[in-house]
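Asker: sequence and predicted structure are below.
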Amino acid sequence: MSDLKEIFLEEAGDLLVQIEPLVLELEKEMSPELLDELFRIVHTLKGSAGIAGVRGIGELTHRLEDLLDGLRSGEIEAGPGLVDLLLVGFDYVRAMVTDLAGGQDLPPPQELLEEIAAYGRGEPPAARPLEEKPGTSGRGAAPLAAVPEAAESPVPDEVRRLLRDELRRGKNVFHLKLEFGRDFFRQGHNLGYLLEDLAGLGTIAGLKADYRRVPPLSALNPEDYLLVFTLYLATGEDREAVEETFVFVSSDENRVAVRPVSEEDLNEDPLAGLQQPGSGELPAVGQAPPLSARRLRYAVEVLRQQEKALRMAEEEVLSGLLPVVRRVLERLAGRIDPGLELCPCEVQGGEREQLLKKTGELLAVLGAEVQAGPERLSSTPAISSSGPGNAGKPGVSGLTGRSPKEQRKSNTAGEGRQVAFKVRRETADALMSLAGELIIAKNSLPYLVKKLEAAGLEGQARELKDRCLYLDRIAREIHDRVMDIWLLPVQEVFGRFPRFVRDQARMLEKKVELVTAGGDTRLDRNIIEEIYEPLLHLVRNALDHGLEDPEERLRAGKNPVGVIHLAARRQGERIIIQVSDDGRGIDVETLAGKAVSDGMLTREQVEAMSAREKLKLVFLPGLSSKEGISDLSGRGVGMDAVENTIRRLGGTIGVESAPGRGTTFVISLPFTMATSEVLMVRIGGGVYGIPLAAVGETVRVEEKDLRTVRGRPVALLRGEIIPLLESRLYLEATASCRDETILVVLQQKAALPVDAVLGKEVVIVKPLAGELKRLSVFMGAAVLGDGRVLLVLDPNEMIRLSLGGLK
């Protein structure tokens, strides 16, 4: 892949992220400002495709740009179906970008181009069935419609030779197209077995996969079948025998086309015969030799592609070239002394020639820079508008036409421009790891100080201690700077939900408003990558379980439009994410009754539970209070997986609900997983770590405040009963019995008795490997500055093992 295409892929991804929210805003308000902004981005995307030589995306974005331009000028009137059409159009652009990343520059579907053109003529768009609307698997996926018929691509030379040889040996050759429905896998079919059966009939050649129906990875549902396969089969069997292979598969949804192939179909030039031999001219109408339908279709497709190429006029090329030139000039401008300012001056006649000569030399240097090639362009930093008031706004980069909003101040000559760099994931990982290792190395120095003091070398110990303080400041500053790279805003996840909520609400025939807050809260990128699926499940449940339909809400005296809130905030070293709805709430009695009827709990266990404990039953595997099963939820699968994922990330999840008022899930996550601050404690003869974020306080209690309630040890602390965790259940140690007991009180209102609190330490916690992974009570292990290995306890697992989980 060329460097220009690689730059285009990077820029297209950035632009497409901006497009979808703007289109969804158009659904609320068709404002000129939104149209202008959307038009500008699409124009940039089209121009970038032109300069990178990406024909298919260039053609589709050109049509979408024309539609937006007509809306801006008032020549085209915004009507029903506009937003759907735009969303589907940009879904296809996104899918084509994915194709391009895989090495294919595919043309856009002709039906879509015709639909866009028809809308421009004032014709209403074709209605789409709900199941074909984008976004059914999480985010804007391209609709799963039949892949448009197009002329077959020319057969590769090696495949053509193989098939000809098979035909001359008396074999039959068939062309097969396998276009199965989305539920192919769910129906119990296996594509591998089908291909094995075909291979048993003869020789398979020219197998190709068309994945235009495949959405971006973020929207991909792995249970959906989305590919269309074409292949050639050379066999001694007849057509009927080949078709019998698919007798248990073929249906209205699963289409299989088997077509015999002749030697004429394998002609090296599909257009041969269209031209009179030796004349160089096309025959007159009615005098052309007879052609197969396949060759005619191919000829039409060639002409259509030529027409597209001609449409990519110089305007597209220039619009993409200008940002490239701008990047080169910006890079060169950085070499000029920023202290120099343009000023009016008079040039004498004798000096003009000398000035022109110098200018010519400078232009020669500029020419050399321009000829340096795409390699230099790809490494040019983007100019960021990161001055006051512009924090977080995108800067200029790549082939895009984003205008830099930099302010040049003449009174700050010498002040350098701020630049924004894109850092590869591997580089960020390495930086984060090195920053953590630096902290570990820094932590080893206090142990050396103690050794020097023990050896009586007070002067050297004092000098090393001073160096330790200096190194500590440097290490922390480096760590904080690296964290700026490592952390991502939660909006990276929140921004994926507006489209999903919109599409699913329409499918469920509900009116729903999504409200987000705290999207600028920053979180560890490893957690960002993992948290989407749990949040998706909670939002899906809110849509299907929680929110009522408009009629039911009106009968209950509610606004017919339900509301789902996604909010994030930082609280100390934790990030709190809330997912709430104003729906019907959770009926805890119904939930508990379902647990009894399903044999998960006994009636006696349920009767002994408080309302809060019954509410936590939602996390039981396989339990759902929903009577019916829908495409979204109701199978009782997922809430336990949500809890397990949150716990694996070092977090907790809680639920609050009020009948008729709604439900709120509260997720607490560590600020970062890269480094952890732990409280070191001694229990028996061992030293262990407890995540400091999970610790509420440490207290000393007298023996008289230690009691037993219902056979379980508890502590009476300031009039509150706190259950005690029994370390003997999961550690070969227990705290010593003394007149006073030290308790580490956790945030979850449970306490762990310990022999001593040894202090805090910043460590890198690594997960346990091999057989040690089975020890669930440990989050992982860390290496201390003196080389000892510290086992870090998992507070959630300690509580589960000590107090007993629901089974």
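Answerer: Yep, it's here.

Asker: off-centre distance for stretch 450-469?
Answerer: 50 Å (CA atoms, centre = their mean, to the nearest Å).

Asker: may I see the buried residues of it?
Answerer: Leu452, Ala461, Leu464, Cys468 (16 or more other CB atoms under 10 Å). (Each C-beta comes from the backbone N, C-alpha and C, glycine too.)

Asker: may I see these organised as JSON lines, with pLDDT, secondary structure and distance to Gly202 added?
Answerer: Listed next are the buried residues of stretch 450-469 as JSON lines, based on pLDDT from 0 to 100; DSSP: H, G, I helix; E, B strand; the rest coil; distance: CB to CB, whole Å:
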{"residue": "Leu452", "pLDDT": "76", "secondary structure": "helix", "distance to Gly202": "81"}
{"residue": "Ala461", "pLDDT": "78", "secondary structure": "helix", "distance to Gly202": "83"}
{"residue": "Leu464", "pLDDT": "77", "secondary structure": "helix", "distance to Gly202": "79"}
{"residue": "Cys468", "pLDDT": "78", "secondary structure": "helix", "distance to Gly202": "75"}
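
Asker: could the residues you listed be laid out in JSON lines, adding distance to Glu115?
Answerer: Below are these laid out as JSON lines (distance: CB to CB, whole Å):
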{"residue": "Leu452", "distance to Glu115": "79"}
{"residue": "Ala461", "distance to Glu115": "79"}
{"residue": "Leu464", "distance to Glu115": "74"}
{"residue": "Cys468", "distance to Glu115": "69"}
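
Asker: quick one: which of the residues you listed is nearest to Asp197?
Answerer: Among the buried residues of stretch 450-469, Cys468 lies closest to Asp197 (CB to CB), at 71.0 Å.

Asker: that closest one and Val449 touch, don't they?
Answerer: Yes - if you go by CB atoms under 8 Å, Cys468 and Val449 touch, sitting 6.6 Å apart.

Asker: helix, strand, or coil at Ile646?
Answerer: helix (DSSP: H, G, I helix; E, B strand; the rest coil).

Asker: show me what the helix or strand harbouring Val666 is packed against.
Answerer: Following DSSP states H and E, one finds Val666 within strand 662-670. Judged by 3 or more CB pairs under 8 Å, 6 or more residues apart in numbering; DSSP states H and E, strand 662-670 is in contact with helix 525-541, strand 574-581, strand 652-658.

Asker: tell me the most buried of those?
Answerer: strand 574-581 (a mean of 22; mean count of other CB atoms under 10 Å).

Asker: return the distance of that one from the chain's centre.
Answerer: The answer for strand 574-581 is 19 Å, by CA atoms, centre = their mean.

Asker: likewise stretch 249-256?
Answerer: On CA atoms, centre = their mean, the centre of stretch 249-256 falls 33 Å from the chain's centre.

Asker: shouldn't Ser776 be in contact with Glu797?
Answerer: Yes - using CB under 8 Å, Ser776 makes contact with Glu797 at a distance of 5.1 Å.

Asker: what sits up against stretch 522-539?
Answerer: The contact list for stretch 522-539, computed with CB atoms under 8 Å, 6 or more residues apart in numbering, reads 138, 218, 428, 486-490, 492-493, 496-497, 500-501, 564, 566, 568, 570, 575, 577, 579, 638-639, 641-642, 645-646, 648-649, 653, 665, 667, 669-674.

Asker: at 7 Å what do you get?
Answerer: 138, 486-490, 492-493, 496-497, 501, 564, 575, 579, 638, 642, 645-646, 649, 665, 669, 671-674 (CB atoms under 7 Å, 6 or more residues apart in numbering).

Asker: neighbours around Gly50, how many?
Answerer: 26 (other CB atoms under 10 Å).

Asker: and if you look at Asn644?
Answerer: 14.

Asker: and it, how close does it get to Gln460?
Answerer: 51 Å (CB to CB, to the nearest Å).

Asker: same question for Glu114.
Answerer: From Glu114 to Gln460 the distance is 83 Å (CB to CB).

Asker: swap in Ala52?
Answerer: Relative to Gln460, and taking CB to CB, Ala52 is found at 62 Å.

Asker: need the contact partners of whichever strand or helix holds Val744.
Answerer: Assigned by DSSP H and E, Val744 belongs to strand 740-746. Residues outside strand 740-746 that contact it (CB under 7 Å, 6+ apart) are 679, 681, 690, 694-702, 706, 715, 722, 735, 751-754, 756-757, 795.

Asker: what about these, which are in strands?
Answerer: Applying DSSP state E to those, the entries found in strands are 679, 681, 690, 695-702, 706, 715, 722, 751-754, 756-757.

Asker: okay, and for the stretch 601-750 of the chain, where does confidence drop off?
Answerer: 624-638, 674-675, 732-738 (pLDDT under 70).

Asker: so which elements touch the top strand by length along the chain?
Answerer: Taking DSSP E as the criterion, the chain has its longest strand at strand 561-571. Using 3 or more CB pairs under 7 Å, 6 or more residues apart in numbering; DSSP states H and E, the elements in contact with strand 561-571 are strand 511-517, strand 574-581.

Asker: redo those strands as JSON lines? Include distance to Leu554 and mean pLDDT.
Answerer: Shown next, in JSON lines, are these (distance: least, CB to CB, whole Å; pLDDT from 0 to 100):
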{"stretch": "strand 511-517", "distance to Leu554": "11", "mean pLDDT": "93"}
{"stretch": "strand 574-581", "distance to Leu554": "17", "mean pLDDT": "92"}
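
Asker: count the residues that sit near the residue nearest to Lys511 when sequence neighbours are not counted.
Answerer: Leaving aside its sequence neighbours, Lys511 sits nearest to Val561 (CB to CB, 6 or more residues apart in numbering; 4.4 Å). Using other CB under 10 Å, Val561 has 14 neighbouring residues.

Asker: who's in contact with Val561?
Answerer: Per CB under 7 Å, 6+ apart, neighbours of Val561: Lys511, Val512, Glu513.

Asker: surely the last one touches Val563?
Answerer: Yes - judged on CB atoms under 7 Å, Glu513 makes contact with Val563 at a distance of 5.1 Å.

Asker: so between those two, which is more surrounded?
Answerer: Val563 (18 against 15).

Asker: test my guess that that one contacts Asp582.
Answerer: Yes - using CB under 7 Å, Val563 is in contact with Asp582, at 5.0 Å.

Asker: just the strands in the stretch 151-300 of the chain please.
Answerer: Applying DSSP state E, counting those that start in this stretch to the stretch 151-300 of the chain gives strands spanning 172-179, 202-210, 228-235, 255-260.
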